[in-house]
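> I would like the atomic coordinates for the input below:
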Amino acid sequence: MTLPPLKIRRLPEAADLPLPAYRTAASAGLDLCAAVPTGEPVTIDAQARRLIGTGLVLELPEGTEAQVRPRSGLALEHGLTVLNTPGTIDADYRGEVKVLLVNLGDQPVVVRRGMRIAQLVVAPVLRVAVAEVDATGETGRGAGGFGSTGTT
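The predicted model follows:
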């Protein structure tokens, strides 16, 4: 199977960093690294947020989006997660990919150059035609929302 290409342009601040990569044969996400300056780590205080650059510009395959998601190990060990998860990168965006991290823990977290801070999942996008209607079809669930199917 031929995979569609994810074209990546490195900005100067990411020249020596690895490109996003799958860590295992069945990984869904590509790891993204922090492109903070060498010797200038970024400290994210408890309950604070910071925007961290990756130094990468993507050209996604047509008909896809990229989702920026947290890394579970960082969330478990440090309470560090992606604030607007999943962050969406549209196929026509050509700026630097940045990750909005939030420290939900009770201790500061230091982000160093090359640290794997998030994962990138490329997914197909279904575009739809919007049509306003007077009524929508009935379902067994109806308007049942949060918790309506049980909490365990």
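> Only C-alpha atoms from now on, for both contacts and neighbour counts.
Will do.
> Phi and psi next, for the residue of the chain positioned farthest from its centre.
Distance from the C-alpha centroid of the chain, by CA atoms, centre = their mean, peaks at residue 134 (36.7 Å). Backbone torsions for residue 134, taken as degrees, to the nearest 10, come to phi -80, psi -20.
> give the contact list for it.
With contacts defined as CA atoms under 8 Å, 6 or more residues apart in numbering, residue 134 has no neighbours.
> From residue 47, how far out is it?
44 Å (CA to CA, to the nearest Å).
> ok, now residue 101?
10 Å.
> Pick out whichever of these two has more residues nearby.
residue 101 (21 against 14; other CA atoms under 10 Å).
> What is the subsequent helix or strand relative to the helix or strand harbouring the more buried one?
Residue 101 belongs to strand 96-103 when assigned by DSSP states H and E. Next along the chain after strand 96-103, taking DSSP H and E as the criterion, comes strand 109-111.
> Could you pull out the buried residues of that next one?
109, 111 (16 or more other CA atoms under 10 Å).
> list the helices and strands it packs on?
Secondary-structure packing of strand 109-111 (3 or more CA pairs under 8 Å, 6 or more residues apart in numbering; DSSP states H and E): strand 42-44.
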